[in-house]
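> Okay, here's the prediction I keep looking at, along with the sequence it came from:
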Amino acid sequence: MKSMTGYGRGIAGLESQTLTVQMSAVNRKTLDLAIRLPDAWDSLEAIVAEQVRKVAHRGRISVVVELTGTKGPSEIVWDETEVGTALDRLADLADARGLTFTPTSELLWSIANAQRRNIEVPTADAAASAVLAALNDALRGFAAMRAMEGEALLIDFITRLATLRTHVDAIAVRAPLVPAAYREQMLQRLRQAELELDLDDERVLKEIALFADRCDVTEELTRLRSHFEQFTALLKSNGEIGRKSEFILQEIGREVNTIGSKANDLTISRAVIELKNELERIREQIANVE
């Protein structure tokens with residue numbers, strides 16, 4: 001099992017510069033890739049996307065490829081003649097307006113900064129192998145983190161499934177007793193109403209039989225246990241789990257709702273509430289699974 005959240009980072013050398021690939025992911029029902037490359041490397045986007053799709057099937061995944069040099073992404077090129085010319089023109093302009101011109105360090109930096117030029121970026125073909133090398137390192141870290149979180153989620157799901165089974169077993173024990181309890185309640189109401197009916201009266205037996213049929217949850221319990229087994233097998237399988245498990249959880253919820261509507265018993269109703277609460281917690285967590 002893999003979590004949809006994760007982070008990975010890879011570094012590679014490229015000529016005199018450093019190439020860094022960082023990737024991160026958050027929950028998303030489908031695979032949504034956002035890849036950012038230097039403008040000159042746009043042609044590498046398809047290759048990067050192909051590699052990411054080999055390890056991820058769901059999630060909002062961001063991949064950022066950056067290139068930096070020892071002096072940063074740009075450098076200052078000093079030209080004393082040009083700097084001097086700029087200062088002289090500013091001095092003349094100030095003198096023409098009767099102002100005192102006193103150059104400051106901030107002004108000198110501003111003039112020099114205006115001559116900033118970008119470090120030359122290698123071509124996409126020249127960068128391709130370094131990009132893939134750094135990307136592969138990032139993907140390994142990314143996949144390892146998702147697997148680690150997925151293992152923690154698996155333990156949580158198995159624990160919660162055990163809780164679901166406990167509540168279902170309690171319902172299975174209680175369900176056969178419900179018709180008998182209903183029979184006693186009905187006879188008690190009849191006595192309170194001072195209506196004398198024989199316990200073997202056909203009308204009484206028919207009413208109890210109809211009630212027993214309406215509140216019978218045997219089929220629902222059988223299907224629930226089957227869904228639990230399917231869900232457990234899916235959790236331990238390889239590949240994409242999240243989308244398939246959402247369908248099974250939907251079916252589990254349907255059976256639980258049916259039991260709740262047929263229960264007519266306080267003990268079963270309480271167990272159904274606990275089932276729904278635990279099922280909702282599982283649904284919230286399954287949203288983190290690929």
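Good, I have the coordinates.
> and the closest residue in space to residue 168 that isn't next to it in sequence, what does it touch?
Using CB to CB, 6 or more residues apart in numbering and skipping residues adjacent in sequence, the residue nearest residue 168 is residue 224, 5.5 Å away. From N, CA and C alone the C-beta is placed, and that goes for glycine too. Residue 224 sits next to 168, 252, 255, 256, 259 when contact means CB atoms under 8 Å, 6 or more residues apart in numbering.
> And residue 224, how far from residue 1?
Computed as CB to CB, to the nearest Å, the residue 224 to residue 1 distance reads 22 Å.
> same deal with residue 24?
From residue 24 over to residue 1 (counting by CB to CB), the distance is 19 Å.
> So residue 111 versus residue 99, what's the distance?
18 Å.
> cool, and residue 285?
From residue 285 over to residue 99 (counting by CB to CB), the distance is 70 Å.
> okay, these two: which has more neighbours?
Counted by other CB atoms under 10 Å, residue 285 and residue 99 do not tie: residue 285 has more neighbours, with 14 against 10.
> Confirm that one sits in a helix?
Yes. Applying DSSP: H, G, I helix; E, B strand; the rest coil, one finds residue 285 inside a helix.
> Residue 24 and residue 1: which is more packed in?
residue 1 (23 against 19).
> Touching, that one and residue 242? I think so.
No. Using CB atoms under 8 Å, residue 1 is not in contact with residue 242; the gap is 9.2 Å.
> quick one: common contacting residues for these two?
Common neighbours of residue 1 and residue 242 (CB under 8 Å, 6+ apart) are 289, 290.
> Give me the mean pLDDT for the helix or strand in which residue 255 is found.
Element membership for residue 255 (DSSP states H and E) is helix 242-262. Averaging pLDDT along helix 242-262 yields 91.
> Which elements pack onto that helix?
helix 218-235, helix 266-286 (3 or more CB pairs under 8 Å, 6 or more residues apart in numbering; DSSP states H and E).
> Any buried residues in the first one, and which?
If you call a residue buried by 16 or more other CB atoms under 10 Å, then helix 218-235 has these buried ones: 220, 221, 224, 225, 227, 228, 230, 231, 234, 235.
> shouldn't the first one be in contact with residue 261?
Right, residue 220. No. Assessed by CB under 8 Å, residue 220 is found out of contact with residue 261, at 10.1 Å.
> For the chain, give me the ranges with low pLDDT.
Scanning the chain for pLDDT under 70 picks out 69-78, 115-119, 179, 181-215.
> 80 instead, please
69-80, 83, 105, 108-109, 111-121, 178-215, 239-240, 263-264 (pLDDT under 80).
> and it, what are its domains?
6-72+123-146, 76-118, 149-286 (automatic domain parsing).
> ranking the ones you listed by burial, who's on top?
domain 6-72+123-146 (a mean of 17; mean count of other CB atoms under 10 Å).
> what's the span of it from first residue to last?
Criterion CA to CA, to the nearest Å; first-to-last residue distance in domain 6-72+123-146 is 5 Å.
> all helices of the protein, in order?
Secondary structure of the chain (DSSP state H): helices at 45-53, 80-96, 105-113, 124-174, 178-192, 202-214, 218-235, 242-262, 266-286.
> between those helices, which one is nearest to residue 17?
helix 124-174 (9.4 Å; CB to CB).
> what helices or strands is that closest one leaning on?
Helix 124-174 packs on strand 6-14, strand 17-26, helix 45-53, strand 59-68, helix 218-235, helix 266-286, going by 3+ CB pairs under 8 Å, 6+ apart.
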